[in-house]
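*Asks:* Need a 3D model of the sequence below.
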Amino acid sequence: GLSNARGWIRTNDPRFRRPMLYPAELRMQRAENSAVRVARKGRQALHAIEVIPSRSKGGGHAASITHDLELGADMGTATGIMSGKRGLVTGVLHETSIATGITASLLREGAECLFTHLPGEKMERRTRKIVEGFGVATPWLQTMDVGSDADIAACFERVAKDFGQIDFIVHCIAFADKDWLRPGKFAATPRAVFANALDISAFSYMALANAALPVMREGGSMIGLSYYGAEKAVVGYNVMGVAKAALEAANRYLALELGRAKGLRCNLISAGPVKTLSAGAVGGFDQILDRIPQVAPLPRNIVTAEVGDAAVFLLSDLSRGTTGQVLYVDSGYSIMGL
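*Replies:* Reported below is the predicted structural model:
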């Protein structure tokens, strides 16, 4: 029979009352169904800590609960929408890091993840411990200080040697001297502090993209993390807000250039405030956390798992027509006027 505007077949026979799917959509639906079947079989349950906002009198502070993620015992053993994809993840420094939440979601969906860490044995052990906690028995780890061109080049030379090509990059790196992330300290920000914040937080995104270009597969994807302070003045966010604004501009130009050069997609996630080690450096951060549940359409703070799932979307083929964008995962706070 004929189909209407919604894609439903016009027929009285109930056997045919179902949406008409085009081949690409059909393949995606089959992948999603496969992921559901794997989860139901209950492969190795991986315990991850997720922070869920409470309704206590303390102004929306969070309480921790444990939930299960259905994962395989090692990288790439689960079946999901990222199966067959391999990529580099930066910024896994602590259990509460957003990069850690992104890692959990990627592994759950079958991605093979490679990891970088800051220089030093302590940093290597910290990242290794977190990754092994996800059931990754022999993680691929590489030292990388994004302030060093030599470190960045060495990382991707090793990627090329070990794997040839990768499909995605996760950039979860930012830094600014915490002494200047205080109310009333922006105008006096020293030149060196300003330059360092933009170098580590924005230029490094460009540097990774450029160095990764030879090893990125056609149609690959890259994501980074931004914040509402890139577009609106947030008390105490100061030079980091300027750095994030530069990051968002860089993302648009990279999307244009790399999309035409190799079909690569570049997107950012603007995450709502999450209580991580780095966030604690921002003066007045607890007040920001308290504010979100009072104002946002979803009256709660977000959790890293929600950012992780958004990252999976942007890194997967589900977002193959999306580039140069900033996706907000902030309980809707950014849409509010007051």
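*Asks:* alpha carbons only for contacts and neighbour counts from here, please
*Replies:* Will do.
*Asks:* so what pLDDT did the closest residue to Tyr228 other than its chain neighbours get?
*Replies:* Computed as C-alpha to C-alpha, 6 or more residues apart in numbering, the closest residue to Tyr228 that is not its neighbour in sequence is Ser270, at 6.5 Å. Ser270 is assigned 98 on the pLDDT scale.
*Asks:* residue contacts, Ser270?
*Replies:* Contact analysis of Ser270 by C-alpha atoms under 8 Å, 6 or more residues apart in numbering lists Leu225, Ser226, Tyr227, Tyr228, Val326, Leu327, Tyr328, Val329, Asp330.
*Asks:* what do you get if the cut-off is 10 Å, keeping everything else the same?
*Replies:* 224-230, 244, 248, 307, 325-330, 334 (C-alpha atoms under 10 Å, 6 or more residues apart in numbering).
*Asks:* Asp145 is in contact with Asp199, correct?
*Replies:* No - judged on C-alpha atoms under 10 Å, Asp199 makes no contact with Asp145 at a distance of 11.6 Å.
*Asks:* between the two, which one's more packed in?
*Replies:* Asp199 (20 against 17; other C-alpha atoms under 10 Å).
*Asks:* any idea how far that one lies from Lys129?
*Replies:* 28 Å (C-alpha to C-alpha, to the nearest Å).
*Asks:* Give the rounded mean pLDDT of the strand or helix carrying Arg291.
*Replies:* Using DSSP states H and E, Arg291 sits within helix 285-295. Helix 285-295 comes out with an average pLDDT of 87.
*Asks:* Any buried residues in stretch 215-230, and which?
*Replies:* With burial defined by 16 or more other C-alpha atoms under 10 Å, the residues of stretch 215-230 counted as buried are 215-218, 220-230.
*Asks:* List the contacts of the spatially closest residue to Ile98 that is not a sequence neighbour.
*Replies:* Closest residue to Ile98 apart from its sequence neighbours, by C-alpha to C-alpha, 6+ apart: Thr304 at 5.4 Å. Applying C-alpha under 10 Å, 6+ apart, we find Thr304 in contact with 49-52, 96-102, 104-105, 271-276, 310, 329.
*Asks:* From Val170, how far off is Thr304?
*Replies:* From Thr304 to Val170 the distance is 14 Å (C-alpha to C-alpha).
*Asks:* So which of the buried residues of stretch 215-230 are in strands?
*Replies:* Among the buried residues of stretch 215-230, the members falling in strands are Met216, Arg217, Glu218, Gly220, Ser221, Met222, Ile223, Gly224, Leu225, Ser226 (criterion: DSSP state E).
*Asks:* contacting residues for the fifth one?
*Replies:* In other words, Ser221. By C-alpha under 10 Å, 6+ apart, Ser221 lies in contact with 87, 166-170, 255, 259, 263-267, 314-317, 319-320, 322-323.
*Asks:* filter those to the buried ones?
*Replies:* The neighbour count (16+ other C-alpha under 10 Å) marks 87, 166-170, 255, 259, 263-267, 314-317, 320, 323 as buried among these.
*Asks:* sorry, back to before: of the contacts of Thr304, buried ones?
*Replies:* In the contacts of Thr304, the ones that pass as buried (16+ other C-alpha under 10 Å) are 49-52, 96-102, 104-105, 271-275, 310, 329.
*Asks:* buried residues in stretch 174-190?
*Replies:* Ala174, Phe175, Ala176, Asp177, Lys178, Trp180, Leu181, Arg182, Lys185, Phe186.
*Asks:* Can you tell me which of these is nearest Trp140?
*Replies:* Ala174 (22.3 Å; C-alpha to C-alpha).
*Asks:* Could you check how far the nearest residue to that closest one once chain neighbours are set aside is from Gly272?
*Replies:* Excluding the flanking residues, the one nearest Ala174 by C-alpha to C-alpha, 6+ apart is Ser201, at 4.1 Å. Distance, Ser201 to Gly272, by C-alpha to C-alpha: 17 Å.
*Asks:* tell me the secondary structure for Met82?
*Replies:* Secondary structure, DSSP: H, G, I helix; E, B strand; the rest coil: Met82 is coil.
*Asks:* just checking, it touches Thr103?
*Replies:* No - counting by C-alpha under 10 Å, Met82 does not reach Thr103; the two are 11.8 Å apart.
*Asks:* Now the common contact residues for the two.
*Replies:* Glu109, Ala111, Glu112, Val312.
*Asks:* So for the first one, what's the pLDDT?
*Replies:* In the predicted model, Glu109 carries a pLDDT score of 98.
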